[in-house]
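K.L.:
Here is a sequence with its predicted model. Questions after.
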Amino acid sequence: MEDQEMQLKVKRVTDKFTENMYVLANEPSVALYRLQEHVRRSLPELVQHKTDMQSWEEQSQGAIYTVEYACSAVKSMTNSSLYFKSIDGLLRQAISMKEQISTSQGRCAHEATPSPIPPATPPHPPSTSS
């Protein structure tokens, strides 16, 4: 009988000991300690990811700005076709006027300038043949 009582007491003690260990292992301060360990291990990697993402965001913003600027330049170029057509017309008109002026100046200069006189031929010395 004493043996059964002893086993019962040992069982109670081990159950209490197990319960206390379970409580200690799951105590909030232990949980916070585990959480702190996890944060300490994973934080540097998270910070690196964050800086990488910020860098990629800056690069993306730069690329977006460049594309938007290029799009606005193309739009303004398509809107400027009217001006290019006007410039083309004015250049053609200026070339035509220049040709007319050149032609009229050529005629006036040709009419105003007397025809060139052929240069006088130097007299030949008399031949001295005997």
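P.N.:
Perfect, I can see it now. Numbering: from 1, shown residues only.

K.L.:
Look up how far residue 13 lies from residue 25.
P.N.:
Taking Cβ to Cβ, to the nearest Å as the measure, residue 25 falls 18 Å from residue 13. (Each C-beta comes from the backbone N, C-alpha and C, glycine too.)

K.L.:
same question, residue 21
P.N.:
As judged by Cβ to Cβ, residue 21 and residue 13 stand 12 Å apart.

K.L.:
Tell me how many other residues surround residue 56.
P.N.:
Counted with other Cβ atoms under 10 Å, residues neighbouring residue 56 total 10.

K.L.:
give me phi/psi at residue 13?
P.N.:
phi -60, psi -50 (degrees, to the nearest 10).

K.L.:
What number of residues are in the vicinity of it?
P.N.:
10.

K.L.:
do the same with residue 33
P.N.:
11.

K.L.:
which stretches of the protein form helices?
P.N.:
2-25, 28-79, 81-112 (DSSP state H).

K.L.:
so can I have JSON lines of those helices showing mean pLDDT?
P.N.:
Listed next are the helices of the chain as JSON lines, based on pLDDT from 0 to 100:
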{"stretch": "helix 2-25", "mean pLDDT": "88"}
{"stretch": "helix 28-79", "mean pLDDT": "91"}
{"stretch": "helix 81-112", "mean pLDDT": "87"}
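
K.L.:
Spatially central residue in this structure, please.
P.N.:
residue 63 (3.9 Å; Cα atoms, centre = their mean).
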